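# Just to be clear, the model below is a prediction. Sequence and coordinates:
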Amino acid sequence: MVDRIEKNFFALNCPYEDAEAVIFGAPFDGTTSFRPGTRFGPSAMRNESIGLESFSPYQDKDLEDAPICDSGDLDLPFGDAEQALDLIEQETTRILDDGKLPIMLGGEHLVSLGAFRAVAKKYPDVVVLHFDAHCDLREDYIGAKLSHACVLRRIHDIVGDGRIYQFGIRSGTKEEFEFAKTHTKMERFRADNFDEVLALLRLSEKPVPVYLTVDLDVLDPREFPGTGTPEAGGLSFEDLRICLMQLKDINLVGLDFVELSPPYDASGCSTALALKILRETLIMKYGK
């Protein structure tokens with residue numbers, strides 16, 4: 001029999017019914033405010049993952065035989081943000097109802113709202129850990145309340161004050177930064193206080209449900225040029241990797257990685273970096 005190349009991430013082939021976590025792509029960039037192209041992020045990561053080993057020398061563990069299913073990309077309507085969010089919410093709800101961890105790959109950052117709506121319904125006390133170059137706290141962007149520039153403001157509409165922790169933020173309007181002073185917990189420019197936030201979460205008598213959303217433009221564009229809204233400065237790959245490795249004992253109930261835009265990544269280095277961050281996070285949770 002002739003062998004075939006797996007098209008799943010890192011050749012993950014665990015059947016859905018046996019999986020503990022499910023990866024799916026949300027290829028949508030219908031509200032992108034600057035340079036479109038993030039809709040191609042999930043397929044680029046899937047296609048390029050064949051070039052990255054499933055073994056992590058950082059953790060001395062492997063993704064081989066991990067209980068993770070790649071369910072493919074959703075078929076999302078390009079011009080209808082609300083319908084796209086509804087479809088993402090439905091998929092996330094299905095995964096949660098089946099007792100599995102949803103892991104979404106974007107796509108622009110607005111797609112996080114669809115997944116988060118489902119998570120917040122199941123876990124009303126959920127806390128958000130948000131890595132990003134941008135505040136994403138606008139009330140609207142050119143009159144539109146559904147925009148990747150507003151996604152954390154829409155999430156705040158759901159969870160209220162004191163439940164959103166933001167890291168690496170270095171861009172936004174004056175109004176956004178003023179809003180953050182009283183409504184979110186923000187660390188500008190860096191993520192040096194990430195371990196302190198996790199220590200605070202660990203003090204709770206019951207495990208705190210946590211949603212992780214990583215806008216990959218939190219990274220320095222010298223390392224990660226392939227994004228629609230690059231912002232000078234930012235975290236290094238190693239900075240972000242070290243932060244994410246601290247989540248092993250945290251009660252993650254949903255996570256996403258968004259804003260990879262392959263058209264602005266001629267060398268492929270941004271896709272490779274995104275894949276390595278994804279690999280390390282998956283191995284941290286499920287590696288053997």
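Perfect, I can see it now. Numbering: from 1, shown residues only.
# C-alpha from now on. contacts and neighbour counts both.
Noted.
# Helix or strand: which one has P124?
For P124, there is no host helix or strand (DSSP states H and E).
# so how far is H183 from the residue nearest to it when sequence neighbours are not counted?
Distance criterion CA to CA, 6 or more residues apart in numbering; nearest residue to P124, sequence neighbours excluded, is V159 at 7.8 Å. According to CA to CA, to the nearest Å, V159 and H183 sit 10 Å apart.
# burial count for the residue nearest to P124?
Neighbours of V159 under the rule other CA atoms under 10 Å: 17.
# swap in E175?
E175: 11 surrounding residues under other CA under 10 Å.
# E187: what secondary structure?
Under DSSP: H, G, I helix; E, B strand; the rest coil, E187 falls in the strand class.
# so it makes contact with Q166?
Yes - between E187 and Q166 there is a contact at 6.0 Å, judged by CA atoms under 8 Å.
# The stretch 51-200 of the chain: strands as residue ranges?
Counting by DSSP state E, counting those that start in this stretch, the stretch 51-200 of the chain has strands at residues 55-56, 61-62, 68-73, 101-106, 127-131, 164-169, 185-188.
# And the closest residue to D62 other than its chain neighbours, how close does it get to V159?
Once flanking residues are discounted, D62 sits nearest to F55: 4.2 Å by CA to CA, 6+ apart. According to CA to CA, F55 and V159 sit 37 Å apart.
# in this protein, what spans have low per-residue confidence?
Along the chain, segments meeting pLDDT under 70 span 1-6, 33.
# Try it again at 50.
Within the chain, no stretch has pLDDT under 50.
# what sits up against stretch 7-14?
With contact meaning CA atoms under 8 Å, 6 or more residues apart in numbering, stretch 7-14 is reached by 45-47, 49-50, 52-54, 63-70, 72.
# Show the residue spans covered by the helices in the protein.
Along the chain, the stretches classed as helices by DSSP state H are 41-48, 81-97, 111-122, 151-159, 174-183, 194-202, 237-245, 269-286.
# Which one, of those, ends up nearest to P230?
For the helices of the chain, proximity to P230 was assessed by CA to CA; helix 269-286 is nearest, at 11.9 Å.
# Quick one: list the elements packing against the closest one.
If you count contacts as 3 or more CA pairs under 8 Å, 6 or more residues apart in numbering; DSSP states H and E, helix 269-286 packs onto helix 41-48, strand 55-56, helix 237-245.
# so what's the closest residue to A21 other than its chain neighbours up against?
Of all residues not flanking A21 in the chain, L101 sits nearest, at 4.3 Å (CA to CA, 6+ apart). L101 is in contact with 20-22, 95, 252-254, counting by CA under 8 Å, 6+ apart.
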